[in-house]
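# Here is my input; please provide its structure:
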Amino acid sequence: MKKFRWNEQEETLDTLFGGKLKILQKRQGYRFSIDALLLAHFAQPAPDDRILELGTGCGVIPLILFYRKKAQKIIAVEIQSSLADLARRNAALNRRSSRFQILEEDLRTLQKRFGRESFDRVLANPPYRKVGSGRINPHEEKAIARHEVQATLEEVLGCAHSSLKDKGRLDMIYPASRTADLMRGLSKHHLEPKRIQFVHSHEKDEASLVLVEALKEGHAQVKILPPFFLYDSSGNYTLAMQGLFK
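Numbering: from 1, shown residues only. You can find the predicted model right below:
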């Protein structure tokens, strides 16, 4: 493997799955969270699906899917140059460059590159917060990743609909507190929820996140999966959560 570029002053080299997956991240910029592991675990692409990820960040979700042998090839878009570069280096570091294409692209103009209905599955872990709903992080990289600065929920869902083939599927993770917004948006864009799973920190806590698989032009029938708990009563990871790291 060629020597990879790593700025130890500005980046960390982290690992998953006992060191089998290596991820470069910014020390001060946006860093992936448990959301990425949850979405990669939840998604169930078919072996030959043509997959698009909207907003790949450092590329961790596609790399987990490759590690899990859930995908053959993935195209991902990332509007931020610094993160797109990081994702490319992570793809090379994990020897996945031939299977993982990262485009520095605005998802709002994606149709010009691929046309409509080009993908079997779309993955999205979009910005959670509306502009004006709380203080925007002064670090631009974090602000764009967390707030709807460059892409709103409406734009993400619109891009997913136009990118998906008929009966294609969208996998998303979103705050549970915005479930109503998500359901309205999915309905507007003819994306019918088929699987829903709520994520809770502890058994007695309200849900903090919701995972959704939606089918383009699907019928109104949905499966509500058992809740996913992150921690047990002792404050340790649950067995289900531990499974995300194996």
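
# Can you give me the distance of the residue nearest the centre of the chain to residue 72?
In the chain, the centroid-proximal residue (C-alpha atoms, centre = their mean) is residue 125; its distance is 3.5 Å. Going from residue 125 to residue 72 by C-beta to C-beta, to the nearest Å gives 21 Å. For the C-beta atoms, the positions are set from N, CA and C on the backbone; glycine is no exception.

# For residue 39, which three-state class applies?
The three-state label given to residue 39 by DSSP: H, G, I helix; E, B strand; the rest coil is helix.

# Okay, helices next: where are they in this structure?
34-42, 60-67, 81-93, 111-114, 140-146, 153-163, 179-188, 239-243 (DSSP state H).

# Adding mean neighbour count and distance to residue 196, write those out as a markdown table.
What follows is the helices of the chain, written out as a markdown table (neighbours: other C-beta atoms under 10 Å; distance: least, C-beta to C-beta, whole Å):
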| stretch | mean neighbour count | distance to residue 196 |
| --- | --- | --- |
| helix 34-42 | 20 | 10 |
| helix 60-67 | 24 | 19 |
| helix 81-93 | 20 | 29 |
| helix 111-114 | 13 | 28 |
| helix 140-146 | 18 | 23 |
| helix 153-163 | 22 | 16 |
| helix 179-188 | 16 | 9 |
| helix 239-243 | 13 | 16 |
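
# Where among those is average confidence lowest?
Among the helices of the chain, helix 140-146 carries the lowest mean pLDDT, at a mean of 44.
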